[in-house]
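# Need a 3D model of the following:
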Amino acid sequence: MNIPNALTISRLVAIPPLMVLLVARFPGHDQLAAGLFIVFSLTDILDGEIARRRETVSDFGKFLDPLADKLFVLSVLIVLVQEGLVAAWVVVVIFSRELMITILRSVAATQGRVISAAPLGKTKTVMQMSAVTLLILQRPYPIVIPLADIAVGVAIIFTIWSGLDYLWRFRYLIGRLDTARSPGRVGPSAGGPADEETGDAARELGDLLRKGGLSVAVAESCTGGMVGSLITDQPGSSAYFLGGVIAYSDQAKRDQLAVPPALLSRMGAVSSEVAEAMAEGARSRFGTDLAAGVTGIAGPEIDGQVSGKPVGLTYIAVSSARGTASHEFRFSGDRRSNRRQAAVQALRLLAEEARSSARAKTA
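From the prediction side, this is the model:
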């Protein structure tokens, strides 16, 4: 538990007293409810800012923050419908969007991925909270009713827009699930490297690199060259793929990718720090615009643990001129499945960075 997560939880704790204030009848109860709503709405800005400044961003926070936002806003809106201060269809639209994104996050979780709040999603939240504040204040101050109506309209527009944005950016998560596989093992099937999901991911990355005039290299440990293989499956990949290093041992990571020995000793080969060092080492060695580093524990499933870390734990880092960032995944398949899922996620992260880097080059 850190300060950002505590602030997020405070929004959940504030829901019951806020609902009581909205249905209570005493002088100033609406003003007090509006003030309370504003104060706890501000925690949504503070928790993210503190997490980034103190480098305490966690998967728990990425999951809990958008959930707290949804419950905080929806609980108040439901009471406002009961009080006759907002139309029920407004809540239906907002709830439908939130349910859709929650399902999308659940699908991502089965693939070992956490979908954090996007910038447009955060803007949507600000618009919704502004509208809710005005809706609360329209009862004691009828003069704000027109402003409340306008704010609700703007909030609805951003709600629908951000929902479509999430669906577009994470459309690959809504692909075909192989029902022949056991539950919990979602991702590439046991087919060849050119199956539907891996092929789509590699093609998307190739198109982005080609259009953006970008080059890429890879540094792989647990995937054993699979990421490079998927990239080079695409015709014309020599135009953007310069090479890769399969650094399976710690010595190879040190010698071939310049990963500091002290870092390996302190953090272990399977860590976000080592993944980032691998990515930076590959980018420096090949002189590319982008590079990915992949390290993890693919298996075998021996007592479910390897060196105190769970099977399926994987770190994927992407390095570019914009900086280096890593992501933690926890895959739940067998050795082969975990390696394939890691490779596909590396392609997806490279594609996201290629899109951002291309925009930065043209800006």
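# Name the residues of stretch 68-81 that are buried.
68-70, 72-81 (16 or more other CB atoms under 10 Å). Glycine gets a C-beta too; all of them are placed from N, C-alpha and C.
# closest to residue 108 among those residues?
residue 70 (16.1 Å; CB to CB).
# SS state for that closest one?
Of the three states, residue 70 takes helix according to DSSP: H, G, I helix; E, B strand; the rest coil.
# wait, isn't it in contact with residue 98?
Yes - contact between residue 70 and residue 98 holds when scored by CB atoms under 8 Å: they sit 4.6 Å apart.
# May I have the host helix or strand of residue 16 exported as PDB, CA atoms only?
Under the criterion of DSSP states H and E, residue 16 resides in helix 3-23. Once non-C-alpha atoms are left out, helix 3-23 reads as follows in PDB (Å, rounded to 0.1, in the frame of the first residue of the first chain):
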ATOM      1  CA  ILE A   3       0.100   6.900  -1.100                       C
ATOM      2  CA  PRO A   4      -1.300   6.800  -4.700                       C
ATOM      3  CA  ASN A   5      -3.200   3.600  -4.000                       C
ATOM      4  CA  ALA A   6      -4.400   5.000  -0.600                       C
ATOM      5  CA  LEU A   7      -5.800   8.000  -2.400                       C
ATOM      6  CA  THR A   8      -7.600   5.800  -4.900                       C
ATOM      7  CA  ILE A   9      -9.100   3.700  -2.100                       C
ATOM      8  CA  SER A  10     -10.300   6.900  -0.400                       C
ATOM      9  CA  ARG A  11     -12.600   7.500  -3.300                       C
ATOM     10  CA  LEU A  12     -14.300   4.200  -2.700                       C
ATOM     11  CA  VAL A  13     -14.600   4.900   1.100                       C
ATOM     12  CA  ALA A  14     -16.200   8.300   0.300                       C
ATOM     13  CA  ILE A  15     -19.100   6.700  -1.700                       C
ATOM     14  CA  PRO A  16     -21.400   5.800   1.200                       C
ATOM     15  CA  PRO A  17     -21.300   9.100   3.100                       C
ATOM     16  CA  LEU A  18     -21.700  11.000  -0.200                       C
ATOM     17  CA  MET A  19     -24.800   9.000  -1.100                       C
ATOM     18  CA  VAL A  20     -26.200   9.700   2.400                       C
ATOM     19  CA  LEU A  21     -25.700  13.400   1.900                       C
ATOM     20  CA  LEU A  22     -27.500  13.400  -1.400                       C
ATOM     21  CA  VAL A  23     -30.700  11.900   0.000                       C
END
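# If you average the pLDDT over it, what comes out?
Per-residue pLDDT values over helix 3-23 give a mean of 87.
# For it, name the packing helices and strands.
Identification of packing neighbours for helix 3-23 by 3 or more CB pairs under 8 Å, 6 or more residues apart in numbering; DSSP states H and E yields helix 29-53, helix 59-82.
# Quick one: work out the angle between that helix and helix 59-82.
An angle of 10 degrees separates the directions of helix 3-23 and helix 59-82 when computed by axes from the mean of the first three to the mean of the last three CA atoms, to 10 degrees.
# in helix 3-23, what's buried?
Neighbour-count burial for helix 3-23 flags 4, 5, 7, 8, 10, 11, 14, 15, 18, 19, 21, 22 (criterion: 16+ other CB under 10 Å).
# so where do the helices sit in this structure?
Taking DSSP state H as the test, the helices found in the chain are 3-23, 29-53, 59-82, 88-110, 119-137, 145-169, 196-212, 226-232, 250-257, 261-267, 272-286, 335-362.
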